[in-house]
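*Asks:* With the sequence up front, the predicted model follows.
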Amino acid sequence: MLVLTRRKDEEILINDNISIKVLSVKGNRVRLGVEAPSDVQVNRAEVQKLLCEFEVETVPVQSCGL
C-alpha cells in the first residue's frame, strides 16, 4: 500500500486519467472528489462488498477481490 499525505485542494493522479482531490478536511472526516473515465467504476468499499454479495452468479463482477 502506498501512503500519501495531501492537503486541501491537492490531488493524486492514477494512470493519467483518474484524479483524486482532497475537497475538505473537518476533524476526522475527509471529503474526496474522484474524476475517472465513464468506463471506470468507482464505489465505496462497503458498497462494492454489498454488490458482490448480491451479484447473480452468472454475471461476474471484476473487482470483487476486496
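*Replies:* Looks like it came in fine. Residues are numbered from 1 along each chain as shown.
*Asks:* in the lowest-mean-pLDDT helix or strand in the chain, what's buried?
*Replies:* Every helix and strand of the chain was ranked by mean pLDDT, DSSP states H and E. The lowest is helix 45-54, at a mean of 85. By 16 or more other C-beta atoms under 10 Å, the buried positions in helix 45-54 come out as Gln48. In this view, the C-beta of every residue, glycine as well, is placed from N, C-alpha and C.
*Asks:* could we number from 50 for the rest of this?
*Replies:* Fine by me, first position is 50 from now on; the one you just mentioned is helix 94-103.
*Asks:* Output it as CSV, nothing but the C-alphas.
*Replies:* Extracted C-alpha coordinates of helix 94-103, given in CSV (Å, rounded to 0.1, in the frame of the first residue of the first chain):
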residue,chain,number,x,y,z
ALA,A,94,-15.7,-0.4,-0.4
GLU,A,95,-18.8,-1.2,1.6
VAL,A,96,-21.0,-0.6,-1.5
GLN,A,97,-18.8,-2.8,-3.6
LYS,A,98,-18.9,-5.5,-1.0
LEU,A,99,-22.7,-5.4,-1.0
LEU,A,100,-22.8,-5.5,-4.8
CYS,A,101,-20.6,-8.6,-4.8
GLU,A,102,-22.7,-10.4,-2.2
PHE,A,103,-25.9,-9.9,-4.2
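*Asks:* ok, Leu100 to Gln90 distance?
*Replies:* Taking C-beta to C-beta, to the nearest Å as the measure, Leu100 falls 9 Å from Gln90.
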